[in-house]
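>>> With the input below, show me the fold.
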Amino acid sequence: MRVNKNYVLGLLTVMLCFNYMDRFALGIVLPDIKNDLQLSDSQLGFLSGMAFALFYSFLGIPIARWADRGNRTTIVALSAAVWSVAVTLCGVAATFLQLLLIRVAVGIGEAGCVPPSLSLLADYFRRDERPRAVAVYMQGISASFIVGFFAAGWLNELLGWRLMFAVIGAPGLLLALLARTTVKDPRTMRQTATTHAAATGEGESFRIVLAAIWRIGTFRHVLYSLAVNWFLTYGTLQWTPTFFVRSFGLRTGPLGSWLAVIYGVSSLVGTYLGGEWATRHANRNERLQLQGMALITAVSGVLIAFMFVPALAPGYFLALLWLGLSMLTAATVNGPQFAVIQALIPARRQALAIAIVYLCGNLVGLGLGPWAVGALSDWLRPWVADESLRYSMLLLCPGFIWSAWHLWLASKTVNADMATVADDSQYARSNEQPYLNS
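Numbers count the residues shown, from 1 in each chain. Sure, this is the predicted structure:
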């Protein structure tokens, strides 16, 4: 049975939207959760960061190993069901500990979304198609900005944060059912056990696979860049709504609408432009793609810093403008960065490689980023009072230059690494002959 690759791409994109939505919803209701449960900024940072990221990151490794050998559609569907139930349960938490444990469950469920999905897409799309396809997939994150911030902002005002989580969590169960019943894993189309073993890497130990991935210098630099970038991005992203509430006095309803437009539209446009540029002007030229990503990452870091400088953003309108411009530029790397990884890694190891990226990126980024901003804000509060959050995020912004530097170093090694792994027959087939191309 043939499956239309664009349908698969569309469904996985919608699932990614719901996978990310609760994180942005949590960000916009942090002030209400703080007042309701009597929490500190450090506790909120740990709740929205490490509590989720620790299990999300570490569980991603065995799930990805399973995805590299098993049925990826089953994994994606099961994960969606788990995270949907857990997000719904966030609304019943009565204490910090209860909400902490529920966020752990959310992280466990959401760990099974991105690595298997990107591995599936690599089977459906050729190397020259992947920057655009991955950019479309990553627009699910952009859409989650729009739906998450807008829905969370107004549902919070109308129903409260507890019912808000129930409303945004339930639809994921329907998506899980659709994925399980309508999407086929291309591996199930293979006819012989020999072919299946070769394509899935059966017989390769985890240590051998991990060592093979780690030997690729370009992959290591992309990994370092993402870890630094996500530390800064998640630290800023999770606290931005609270920053606008404290520094500009905005309510969550109007703020959610503003952030939905700013984050959503900027990210959608930026992700689309990045995928189109890589496909049209840097097709099969991963070195140029990495150089472009390095430049864009540095520029986006400067623009986000402007949002926190009082002289450059004395009112919320200018602050939102700088935020939108930063998001527009930063989002252009979403497609090319994972397409580069897909081009570097054989199909039978791609889910694990992406899980390693999410392990490091989320532990450092999602795990420590929000906590670091919250802890730094608490430390600065005696000197700058309610503006402590503004200056804690401003102090982290120069780190984007560090992230860009690693992408530039990756551009220096990518051609040699591509040549080294090109003699892998399974690698070559996964790049040029997708299993299903309908």
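>>> residues touching residue 128, list them.
Residue 128 sits next to 279, 283-284 when contact means Cβ atoms under 8 Å, 6 or more residues apart in numbering. (Each C-beta comes from the backbone N, C-alpha and C, glycine too.)
>>> ok, of the residues you listed, which come out buried?
For those, a neighbour count by 16 or more other Cβ atoms under 10 Å gives the buried set as residue 279.
>>> What about the contacts of residue 128, which are in helices?
Counting by DSSP state H, the part of these found in helices is residue 279.
>>> and of the contacts of residue 128, the nearest to residue 249?
Closest to residue 249 out of the contacts of residue 128 is residue 279 (43.7 Å), distances taken as Cβ to Cβ.
>>> ok, residue 166 - contacts?
Going by Cβ under 8 Å, 6+ apart, residue 166 touches 88, 91.
>>> and of the contacts of residue 128, the nearest to residue 372?
Nearest to residue 372 among the contacts of residue 128, counting by Cβ to Cβ, is residue 279 at 36.0 Å.
>>> My guess is the closest one contacts residue 133. True?
No: in this structure, residue 279 is not within contact of residue 133 by Cβ atoms under 8 Å, at 9.0 Å.
>>> from the contacts of residue 128, which is closest to residue 393?
Here the nearest of the contacts of residue 128 to residue 393, counting by Cβ to Cβ, is residue 279; it sits at 33.8 Å.
>>> Let me see the contact set for that closest one.
Residue 279 sits next to 128-129, 131-132 when contact means Cβ under 8 Å, 6+ apart.
>>> Buried only: go through these for me.
Neighbour-count burial (16+ other Cβ under 10 Å) is assigned, among the contacts of residue 279, to 129, 131-132.
>>> Dump these into CSV; add distance to residue 308, secondary structure and pLDDT as well.
Converted to CSV, the buried ones among the contacts of residue 279 look like this (distance: Cβ to Cβ, whole Å; DSSP: H, G, I helix; E, B strand; the rest coil; pLDDT from 0 to 100):
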residue, distance to residue 308, secondary structure, pLDDT
129, 39, coil, 85
131, 32, helix, 85
132, 34, helix, 87
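>>> any idea which of those is closest to residue 335?
Nearest to residue 335 out of those is residue 131 (Cβ to Cβ; 5.1 Å).
>>> Can you give me the distance of the closest one to residue 276?
Distance, residue 131 to residue 276, by Cβ to Cβ, to the nearest Å: 8 Å.
>>> now residue 139
12 Å.
>>> out of those two, which sits in the more crowded spot?
Here residue 139 and residue 276 are compared on neighbour count by other Cβ atoms under 10 Å; more neighbours surround residue 139, at 24 against 15.
>>> What are the buried residues along the helix or strand where that one lies?
According to DSSP states H and E, residue 139 maps onto helix 130-159. Of all the residues in helix 130-159, those buried under the rule 16+ other Cβ under 10 Å are 130-157.
>>> Dump the next helix or strand after it to CSV, keeping only the CA atoms.
Sequence order places helix 161-169 as the next helix or strand after helix 130-159, per DSSP H and E. The C-alpha coordinates for helix 161-169 follow below in CSV (Å, rounded to 0.1, in the frame of the first residue of the first chain):
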residue,chain,number,x,y,z
TRP,A,161,-5.1,27.8,33.7
ARG,A,162,-6.4,24.4,34.9
LEU,A,163,-9.1,24.0,32.3
MET,A,164,-6.8,25.5,29.7
PHE,A,165,-4.5,22.5,29.9
ALA,A,166,-7.4,20.1,29.5
VAL,A,167,-8.6,21.9,26.3
ILE,A,168,-5.2,21.9,24.6
GLY,A,169,-4.3,18.3,25.6
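>>> For the stretch 201-350 of the chain, which segments are assigned as helices?
206-214, 217-248, 252-281, 286-307, 316-330, 334-344, 350-361 (DSSP state H, counting those that start in this stretch).
>>> For the shortest one, output the C-alpha coordinates as PDB.
Going back to what we said before, that points to helix 206-214. Extracted C-alpha coordinates of helix 206-214, given in PDB (Å, rounded to 0.1, in the frame of the first residue of the first chain):
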ATOM      1  CA  PHE A 206      24.700   0.800  20.700                       C
ATOM      2  CA  ARG A 207      28.400   1.600  21.400                       C
ATOM      3  CA  ILE A 208      29.400   1.000  17.800                       C
ATOM      4  CA  VAL A 209      26.600   3.200  16.500                       C
ATOM      5  CA  LEU A 210      27.300   5.900  19.000                       C
ATOM      6  CA  ALA A 211      31.000   5.900  18.200                       C
ATOM      7  CA  ALA A 212      30.300   6.100  14.400                       C
ATOM      8  CA  ILE A 213      28.000   9.100  14.900                       C
ATOM      9  CA  TRP A 214      30.400  10.900  17.300                       C
END
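>>> All good on my end, thank you.
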